[in-house]
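> model this:
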Amino acid sequence: KQSLNKGYMEYAQHKTESVRKLKRTSVAIKHAGGKYDPKPLHKIVAGLLTTTSDWAESSTIDNIANNLSENELKRLDMICCVAAGTFVCDRGDKTISYCDKSKSLVYFLLKVLGKLQEIGTVPAIDYNAYAQKIKFDKTKSKTEFIDYVMSQMTLDDKVGQMVQYTYDGGDVTGSAIDKNYIKYTKQGMMGSVFNATTTDITRKLQKIAVEETRLGIPLIFGYDVVHGYETIFPIPLGEAASWDLKAIEKSARVAATETAAGGVHWTFAPMVDIGYDPRWGRVSEGAGEDTFLGSKIAVARVNGFQGKSLYDLNTVLACTKHFAGYALAQAGRDYGSVEISDRYLRDYILPPFKATVDAGAGSFMTSFNEIGGVPATASKYLYDQILRKEWGFKGFVVTDYPAKDLEEATLKSVNSGIEMDMMSGAFLNHLAKLVKEGKVKQEVVDVAVRRILEAKYDLGLFEDPYRYSDSKREKETVMKKEFLDDAR
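Numbers count the residues shown, from 1 in each chain. Here you go, the predicted structure:
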């Protein structure tokens, strides 16, 4: 600690302004001090910069360097530059890229610390203890603000935003695979929770994410609101039989108003699968077998859920599902294979999905089935070619419950354009590793995370994470007489 401090102060004393700005970050470096008294920091770094020795090579240190956010890297690099600047100039290396981990000075410092850790003289650095919470800035545009948030995020932070688990005290819509969602939330390794309802519960969970995590990025809460939240309307197939688009949109509007009042931001609806086989158990969730009618109803429901602006407190993010061909499973067996021509897919199955994209649906959900032997969740044709490139969809895509062979599922789904994993733990346990191995590009993860953060921004969650968790509004809104009359 003494030598580290001496090296820092000796070469920084003539840069008063820089010292003041970097004081907090210097604490993080000093925190790595141990029971050694080697050369001052600037000599350690300079020695490593000028040697060709690879004795400090370590995948562990590579991982530490890769997990530093761009902002942390800049601050740490500046300190190292102050300490070792003279020697850097001697090497003629005057254009160090902060984004290039292999050229970063802090990367070399970490190599040194890694070697010292190997011989047991230096403890591991806990960078999380020195992180800055995200602060909403009204003066920034959405793009600028998301840029700012992402500049603070490590790879693990980004992976966490792509992970969703269920709350274990609410409705059970599938197998409860992992109940450690509180632990994951505290670690900043989860960006969304579903099946958590009521303002009391959502506020408690949001408080953990905002106040007890490294960056304080808010959660987005999702829930299956298929034909009403508390005030119940006819099942979607029954509503479709009315052909009354205004009444259908009104039912979605009531459902959205109650859902938002209950602390939930996101509904897993509408389901727009065109279904012909009554043996298929989920036929009641859709609009039936007519593509034209199904497209019109899909738009009505998206408009009802999302209203004119997602920032309004009586709206929720819609999620079009299940993309695609889910209702055509052979013999009506749920999760079964689908054999369908491209012409039939595009003419009869996809139009309702396209209609919701045109209506501004904020998210999509994958389907369980495979088409032509390719699992839908791993289909670049569906998600990259059709949904993104042909239709211009700007939202994010979430999976629908778990898969098998989770590492392979992670690799194929993320590279196909899937942004969030529901319940399986696949992204949580495998995505960072795949990025470090070069099998998934960092840019792919960045694009995915940006889409999720943009949805949170549009919902106003960065401005006020608790804006949906108002118990007074919940009591005044849910199942009020006006809504009961609408349902009747």
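
> all strands in this structure, in order from the N-terminus.
Assignment of strands within the chain using DSSP state E yields the ranges 163-166, 192-194, 220-223, 266-267, 319-323, 363-366, 370-371, 374-375, 396-398, 421-422.

> which strands and helices sit next to the second one?
Contact here means 3 or more C-beta pairs under 8 Å, 6 or more residues apart in numbering; DSSP states H and E; on that basis strand 192-194 packs against strand 163-166, strand 220-223. C-beta here means a position set from N, CA and C on the backbone, and glycine is covered the same way.

> what does that strand rub up against?
The contact list for strand 192-194 (C-beta atoms under 8 Å, 6 or more residues apart in numbering) reads 163-167, 181, 185, 205, 219-224, 266, 268, 398, 420, 422, 452.

> let's see 10 Å
Outside strand 192-194, the residues that touch it by C-beta atoms under 10 Å, 6 or more residues apart in numbering are 160-167, 170-171, 173, 181-182, 184-185, 201-202, 205-206, 209, 219-224, 264-266, 268, 398, 420-423, 452, 455-456.

> Make a PyMOL selection of the buried ones in those residues.
Only the buried entries of the contacts of strand 192-194 go into this PyMOL selection, using 16 or more other C-beta atoms under 10 Å:
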select buried, resi 160+161+162+163+164+165+166+167+181+182+184+185+201+202+205+206+209+219+220+221+222+223+264+265+266+268+398+420+421+422+423+452+455+456
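
> Please tell me I have it right and Leu155 contacts Met189.
No. Assessed by C-beta atoms under 10 Å, Leu155 is found out of contact with Met189, at 11.4 Å.

> which residues are common contacts for those two?
Counting by C-beta under 10 Å, 6+ apart, the residues touching both Leu155 and Met189 are Ala432.

> Of those two, give the one with the bigger neighbour count.
A count of neighbours by other C-beta atoms under 10 Å puts Met189 above the other of Leu155 and Met189, at 22 against 19.

> Provide the backbone phi and psi angles at the more buried one.
Note on Met189: backbone dihedrals following degrees, to the nearest 10 are phi -110, psi 20.

> ok, so what distance separates it from Asn195?
Computed as C-beta to C-beta, to the nearest Å, the Met189 to Asn195 distance reads 19 Å.

> So Lys296 sits against Gly288, correct?
No. Lys296 lies out of contact with Gly288 (C-beta under 10 Å); the separation is 11.7 Å.

> what's the overlap in contacts for these two?
Looking at what touches both Lys296 and Gly288 (by C-beta under 10 Å, 6+ apart), the common residues are Ala240.

> rewinding a little: let's have the strands of the chain in a markdown table, adding mean pLDDT and distance to Asp312.
Formatted as a markdown table, those follow (pLDDT from 0 to 100; distance: least, C-beta to C-beta, whole Å):
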| stretch | mean pLDDT | distance to Asp312 |
| --- | --- | --- |
| strand 163-166 | 92 | 24 |
| strand 192-194 | 95 | 21 |
| strand 220-223 | 96 | 16 |
| strand 266-267 | 97 | 14 |
| strand 319-323 | 97 | 18 |
| strand 363-366 | 97 | 17 |
| strand 370-371 | 88 | 37 |
| strand 374-375 | 92 | 37 |
| strand 396-398 | 98 | 20 |
| strand 421-422 | 94 | 26 |
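
> could those strands be laid out in CSV, adding distance to Lys475?
Listed next are the strands of the chain as CSV, based on distance: least, C-beta to C-beta, whole Å:
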stretch, distance to Lys475
strand 163-166, 26
strand 192-194, 22
strand 220-223, 19
strand 266-267, 21
strand 319-323, 27
strand 363-366, 29
strand 370-371, 46
strand 374-375, 44
strand 396-398, 30
strand 421-422, 30
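
> and of those, who's closest to Glu249?
For Glu249, the closest of those is strand 266-267, at 14.2 Å, according to C-beta to C-beta.

> from memory Leu293 sits against Leu237, does it?
No. Using C-beta under 10 Å, Leu293 is not in contact with Leu237, being 11.3 Å away.

> shared neighbours of these two, anything?
Common neighbours of Leu293 and Leu237, counting by C-beta under 10 Å, 6+ apart, are Ala287.

> which residue ranges form the helices in the stretch 201-350 of the chain?
For the stretch 201-350 of the chain, the helices defined by DSSP state H, counting those that start in this stretch cover 236-240, 245-261, 291-306, 342-344.

> Flag every buried residue along the third one.
When burial is assessed from 16+ other C-beta under 10 Å, helix 291-306 yields the following buried residues: 291, 293-306.

> Does that helix pack against any helices or strands, and if so which?
helix 236-240, helix 245-261, strand 266-267, strand 319-323, helix 351-358 (3 or more C-beta pairs under 10 Å, 6 or more residues apart in numbering; DSSP states H and E).

> got the angle between the second one and helix 291-306?
Meaning helix 245-261. 40 degrees (axes from the mean of the first three to the mean of the last three C-alpha atoms, to 10 degrees).

> Show me what helix 245-261 is packed up against.
Partner elements for helix 245-261 (3+ C-beta pairs under 10 Å, 6+ apart): strand 220-223, helix 236-240, strand 266-267, helix 291-306, helix 471-477, helix 481-487.

> Wait, Thr477 touches Glu230, no?
Yes. Between Thr477 and Glu230 there is a contact under C-beta under 10 Å: 9.4 Å.

> So which of the two has more stuff around it?
More neighbours surround Thr477 than the other of Thr477 and Glu230, with 23 against 19 (other C-beta under 10 Å).

> Okay, that one and Ala256: tell me how far apart.
Thr477 sits 11 Å away from Ala256 when distances are taken as C-beta to C-beta.

> what do those two both touch?
Taking C-beta under 10 Å, 6+ apart as the criterion, Thr477 and Ala256 both touch Tyr229, Asn314.

> picking that back up, can you redo the helices and strands packed on strand 192-194 as a markdown table with distance to Arg346?
Below are the helices and strands packed on strand 192-194 laid out as a markdown table (distance: least, C-beta to C-beta, whole Å):
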| stretch | distance to Arg346 |
| --- | --- |
| strand 163-166 | 30 |
| strand 220-223 | 29 |
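
> Out of the ones you listed, flag the one nearest Tyr381.
The closest approach between Tyr381 and any of the helices and strands packed on strand 192-194, judged by C-beta to C-beta, belongs to strand 163-166 at 24.6 Å.

> List the pairing partners of the closest one within its sheet, with orientation.
Here strand 163-166 is paired, per DSSP bridges, with strand 192-194 (parallel), strand 421-422 (parallel).

> Least confident secondary structure element in the protein?
Least confident helix or strand, the chain: helix 16-30 with a mean of 39, by mean pLDDT, DSSP states H and E.

> Could you check how many residues crowd around Tyr335?
Tyr335, neighbours per other C-beta under 10 Å, totals 12.

> Contacts only, for the nearest residue to it once chain neighbours are set aside.
Excluding the flanking residues, the one nearest Tyr335 by C-beta to C-beta, 6 or more residues apart in numbering is Phe368, at 4.4 Å. Residues in contact with Phe368, defined by C-beta under 10 Å, 6+ apart, are 322, 326, 329, 334-336, 338, 375-377, 399-401, 403.

> Out of the residues you listed, who's the most crowded?
In the contacts of Phe368, the most neighbours by other C-beta under 10 Å go to Tyr326, 28 neighbours.

> Quick check: chain neighbours aside, which residue is closest to that one?
Among residues not flanking Tyr326 along the chain, Ser367 sits closest, at 3.8 Å (C-beta to C-beta, 6+ apart).

> separation between the one you found and Ile235?
For Ser367 relative to Ile235 (C-beta to C-beta), the value is 20 Å.

> Those two: who's more crowded?
Between Ser367 and Ile235, Ser367 has the larger neighbour count (other C-beta under 10 Å), namely 26 against 16.

> Having no further points to raise, I will conclude here.
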